[in-house]
Structures are given as structure tokens and as C-alpha cells.
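**Q** return a 3D structure for these sequence lines:
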Amino acid sequence: MENTLTQVVKYCGEQLEKYQLCVENHPQDWSSACIKEKHELTKCSDENVTELRDVKQKCHLTILGYDECLSKNFAEPEKCIEQLKALYHCTEAATNRKLFPNSTGPDPGKK
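**A** Okay, the predicted model is just below:
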């Protein structure tokens, strides 16, 4: 995952910075206020970071589960720690960098 983030910063640093600033400036409503910045960052990373595109494909269901949890627990994102852990493990497995031997791996059925 660290390499993926390095690539996002390298190729999409400007979009990432704009998104981060928007989130910082809209702590109460960032998910709706920063839609444009989020889409620009997503578009850039999809076009320029192959590893991220692969992770999105292989961990699609895990990503959806984490996003759904965050939507339901907007004010208390700490309630989504298990989904975040699952996303982390899926991402590591999808990029063939298992850091922990008990990693759950990519989503079932995804290849």
C-alpha cells in the first residue's frame, strides 16, 4: 500500500492536496462539499496508478463494505475499524505484499 500511495503522490499530488485542503476546510460536510476534488483525484489515480486500479478491482466488495460503514457512521468512523482492517488486508494481498500471516486476501471470487 505504501508504494501505491507514493505513486498517487507522484502522479496526482496536486489533486491529492486539493482534496485534503477541502476536507480540512469542511470538517462537518466534507463528503458532500468535496465531491469535485474527490472525483478529480479518483480520475487521476485511475489513469496513472496501475496498482491502485488493480486493488480497486480485486477488493471491490471490501471497498464497498467500508464505504457503506462510513456512510452509516459518518460521525463515528471509528465504528468501521473492522472494515478498515479488512480493506488493509485485502489491499496488501492484492498487491502481493502480505505483512501479516493471517491476512484475509482479496475478495472471494475476484481474480
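**Q** any regions of this protein where pLDDT drops low?
**A** Applying pLDDT under 70 to the chain flags the ranges 1, 97-111.
**Q** how near is the residue most central in space within the chain to Thr91?
**A** Taking CA atoms, centre = their mean, the centroid of the chain lies closest to Ile63, which sits 7.2 Å from it. Between Ile63 and Thr91 the computed distance is 9 Å (CB to CB, to the nearest Å). Heads up, the C-betas are built off the backbone N, CA and C, glycines and all.
**Q** what's the answer for Glu17, then?
**A** For Glu17, the distance to Thr91 equals 22 Å [CB to CB].
**Q** who has more neighbours out of the two?
**A** Higher neighbour count among Glu17 and Thr91: Thr91, with 23 against 13, using other CB atoms under 10 Å.
**Q** give the other helices and strands that the helix or strand harbouring that one contacts.
**A** Assessed by DSSP states H and E, Thr91 sits inside helix 81-94. Counting contacts by 3 or more CB pairs under 8 Å, 6 or more residues apart in numbering; DSSP states H and E, helix 81-94 packs against helix 50-58, helix 60-72.
**Q** of those helices, which approaches Lys38 most closely?
**A** Of all the helices and strands packed on helix 81-94, it is helix 60-72 that lies closest to Lys38, at 11.8 Å by CB to CB.
**Q** leaving out chain neighbours, which residue sits closest to Glu51?
**A** Nearest non-adjacent residue to Glu51, counting by CB to CB, 6 or more residues apart in numbering: Thr4, 4.9 Å away.
**Q** surely the one you found is in contact with Val49?
**A** Yes. Taking contacts as CB atoms under 8 Å, Thr4 lies within contact range of Val49: 6.4 Å.
**Q** list the buried ones in whichever helix in the chain runs longest?
**A** Longest helix of the chain, by residue count under DSSP state H: helix 2-25. For helix 2-25, the neighbour count (16 or more other CB atoms under 10 Å) marks 4, 7-8, 11-12, 15-16, 18-19, 22 as buried.
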